[in-house]
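Engineer: Sequence plus the predicted model coming up.
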Amino acid sequence: MTSNTAANVSSTSQNPLTPPEAPIMNVEQPAGASLIGGFLENNPYFQAGFGLMGVGVGLTILRQGVVLGTTALRRRMLVTLEINNKDRAYEWFLGWMANSAASTSRSKPWMRSHQLSVETMIEQRKNGSSSALFKLVAGPGTHWFKYDGAWIQVKRERETRSMQLMSGVPWETVTLTTLSRDRDLFPKLLSEARDLAMRGQEGKLVIHTAWGTEWRPFGLPRRKRPLQSVVLETGISKKIQEDIKSFLQRRQWYADRGIPYRRGYLLHGPPGSGKTSFIQALAGSLSYDICLLNLSERGLTDDKLNHLLSNAPERSFVLIEDVDAAFNKRVQTTEDGYQSSITFSGFLNALDGVASGEERVIFMTTNHVERLDPALIRPGRVDLSALIDDASPVQARTLFAQFYGGSEDISEDEVQRLAKTLEEIVEAERNAGRRVSMAALQGMFIRNSAKDAIAGCHELFVAKRT
Ligand code: ADP
């Protein structure tokens, strides 16, 4: 530095235009400054730090440049699609991904991903048996898959801090990203996912249950049960079928008269007589879903009930089982003290609902019709009430013939002969005041050959319940 100063001095002193004082002012430094200058120049640590700082600044600028560049590039070249779990497409898409994963190993690149979730479907049957099906779906995180030649990034995110108000389910979103030029793939992919979901339900009965204030499909769609497989007393099935079919064709009639478009049915009778089976089979035969409502469910309030009844999915029957059992106004729970449940007047209000043009079909079942408040059974709330009783002689004969008919082990004549014997047994037991439920007969038929079933059926009869 000193030598530079000397050079400056010498150069200015050679220039006649430069005022003689100027170089002195420029070059002269205080003794302290030159001391610091000397120190800095000779200090290798400082020089290294300065260099590092330069590199750091450079990198920061570079990084910002890259970030800005990527953002600009993303905006111009990429297209994203966000689906949140409020939308039906959310389930369809995850189902579609799980399905493509289940097909061939080549079409499941996301399976290499380390973030998988399991969705377990449990199907609980009336006879107590159940089966579980595990479906691996893309878990929260980032996944990639190739669709129609294009790479698509899937980002599944879960909002852990807030929940959906009523259902308590966390908010989730799936964001799909691909190149702008492939944007047409999104509608295509979504239609495929929708069609797949719909195909899975075709010819099947979907049962929905309440989640907070929402209806959600419960378990896997079930195979529809043929209506004639539920054997009711002569004429009852036909009567209910005709009533509902005529109701479903009269939307305009109701609208013209300003009458709320709803119909209520009550099936009452002893347990195991086929009330629930019949309603499910009827729904299946009309391609309706079932919305199963449990009035005794924990946390169900009048408001929630009202909301649920007014927002049942289209083309569905609301099924309220054991309607007599629900009106214990307050329920004691061990852990959290008293928990409010619905009130009878709240239930009636929910049944009446707001006068809307929406179709509403409600089925209620009870084993104790005598316990029901007359206010519930009045027309407008219950328009058709039917007794579904223990096995009549004809029902028993028909069920027997359906069970054993068409089998190679036994001739058709033999089936008819034994069926007639069963009819006579049921008749005789009836006259002696003893009954058998259809469920008990079915159980006997499942476990035994035709002959053994007839031989053993006597033990199934019980004294008539009051
Ligand atoms: P409920 O609702 O009256 O208690 P379910 O419909 O739950 O009776 O029937 C219980 C079981 O008994 C079912 O597996 C069903 O197949 C059988 N079952 C009951 N009643 C009948 C019937 N009338 N016809 C055929 N099967 C029946």
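Structural biologist: Yep, that arrived. All of these numbers come straight from a predicted model, not from anything done at the bench.
Engineer: Residues of the stretch 251-400 of the chain that sit close to the ligand?
Structural biologist: The stretch 251-400 of the chain comes close to the ligand at residues Pro271, Gly272, Ser273, Gly274, Lys275, Thr276, Ser277, Thr365, Leu399, as judged by Cβ under 6 Å from any ligand atom. Every C-beta, even on glycine, is put in place using the N, C-alpha and C of the backbone.
Engineer: Narrow those residues to those in strands?
Structural biologist: Residues of those located in strands (DSSP state E): Thr365.
Engineer: In TSV, list the residues of the stretch 251-400 of the chain next to the ligand along with pLDDT.
Structural biologist: Formatted as TSV, those follow (pLDDT from 0 to 100):
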residue	pLDDT
Pro271	95
Gly272	96
Ser273	97
Gly274	97
Lys275	97
Thr276	96
Ser277	96
Thr365	96
Leu399	96
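Engineer: Grab the longest strand from this structure for me.
Structural biologist: strand 150-163.
Engineer: ok, residues contacting it?
Structural biologist: Strand 150-163 is contacted by residues 97, 110, 115, 138-146, 169-179, 182, 185, 189 when judged by Cβ atoms under 8 Å, 6 or more residues apart in numbering.
Engineer: circling back to that earlier point, max pairwise distance over the residues of the stretch 251-400 of the chain next to the ligand: which two?
Structural biologist: Maximum pairwise distance among those (Cβ to Cβ): 19.9 Å, between Thr365 and Leu399.
Engineer: sorry, back to before: any idea how far the helix or strand following the longest strand of the chain is from the middle of the chain?
Structural biologist: Heading C-terminal from strand 150-163, the first helix or strand you meet, by DSSP states H and E, is strand 170-179. With Cα atoms, centre = their mean, to the nearest Å as the basis, strand 170-179 stands 18 Å off its chain's centre.
Engineer: Let me know the angle separating strand 170-179 from strand 150-163.
Structural biologist: Per axes from the mean of the first three to the mean of the last three Cα atoms, to 10 degrees, the angle that strand 170-179 makes with strand 150-163 is 160 degrees.
Engineer: Within the sheet, what are the partner strands of strand 170-179, with directions?
Structural biologist: Here strand 170-179 is paired, per DSSP bridges, with strand 78-84 (antiparallel), strand 150-163 (antiparallel).
Engineer: Averaging pLDDT over each of those, report the lowest-scoring one.
Structural biologist: Note on the strands paired with strand 170-179: strand 150-163 shows the lowest mean pLDDT, a mean of 79.
Engineer: So what's the gap between it and the chain middle?
Structural biologist: Centroid separation for strand 150-163 versus its chain: 17 Å, with Cα atoms, centre = their mean.
Engineer: That one: which residues count as buried?
Structural biologist: Within strand 150-163, the residues scored as buried using 16 or more other Cβ atoms under 10 Å are Ile152, Val154, Lys155, Arg156.
Engineer: Redo those residues as a markdown table? Include distance to His307.
Structural biologist: Listed next are the buried residues of strand 150-163 as a markdown table, based on distance: Cβ to Cβ, whole Å:
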| residue | distance to His307 |
| --- | --- |
| Ile152 | 37 |
| Val154 | 33 |
| Lys155 | 32 |
| Arg156 | 29 |
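Engineer: what's the closest of the residues you listed to Leu59?
Structural biologist: When the buried residues of strand 150-163 are compared against Leu59 (criterion: Cβ to Cβ), the nearest one is Lys155, at 27.5 Å.
Engineer: how near is that closest one to the ligand?
Structural biologist: 45 Å (Cβ to the nearest ligand atom, to the nearest Å).
Engineer: bridging residues for that residue?
Structural biologist: Thr142, Thr175.
Engineer: Relative to Ala89, how far out is it?
Structural biologist: 16 Å (Cβ to Cβ, to the nearest Å).
Engineer: same thing with Lys224?
Structural biologist: Distance, Lys224 to Ala89, using Cβ to Cβ: 26 Å.
Engineer: Distance-wise, check the closest residue to Arg434 other than its chain neighbours relative to Asp289.
Structural biologist: Nearest non-adjacent residue to Arg434, counting by Cβ to Cβ, 6 or more residues apart in numbering: Phe461, 4.1 Å away. Between Phe461 and Asp289 the computed distance is 37 Å (Cβ to Cβ).
Engineer: what do you get for Thr70?
Structural biologist: 46 Å.
Engineer: who's more crowded, the two?
Structural biologist: Asp289 (22 against 12; other Cβ atoms under 10 Å).
Engineer: which residues does the more buried one form a beta bridge with?
Structural biologist: According to DSSP bridges, the partner residues bridging Asp289 are Ser316.
Engineer: For it, which residues are in contact?
Structural biologist: Residues in contact with Asp289, defined by Cβ under 8 Å, 6+ apart, are Leu205, Val206, Ile207, His208, Ala283, Pro313, Arg315, Ser316, Phe317.
Engineer: Which of those ranks first by neighbour count?
Structural biologist: Top of the contacts of Asp289 by neighbour count (other Cβ under 10 Å): Ala283, with 26 neighbours.
Engineer: how about Leu387, what does it touch?
Structural biologist: His268, Gly269, Val369.
Engineer: which one of the residues you listed has the most neighbours?
Structural biologist: His268 (23 neighbours).
Engineer: list the contacts for that one?
Structural biologist: The contact partners of His268, taken as Cβ under 8 Å, 6+ apart, are Lys275, Thr365, Thr366, Asn367, His368, Val369, Ser385, Ala386, Leu387, Ile388.
Engineer: quick one: the residue of the stretch 151-300 of the chain found nearest the ligand and Met438, what's the gap?
Structural biologist: Of all residues in the stretch 151-300 of the chain, Gly274 sits closest to the ligand, at 2.7 Å by Cβ to the nearest ligand atom. Gly274 sits 5 Å away from Met438, going by Cβ to Cβ.
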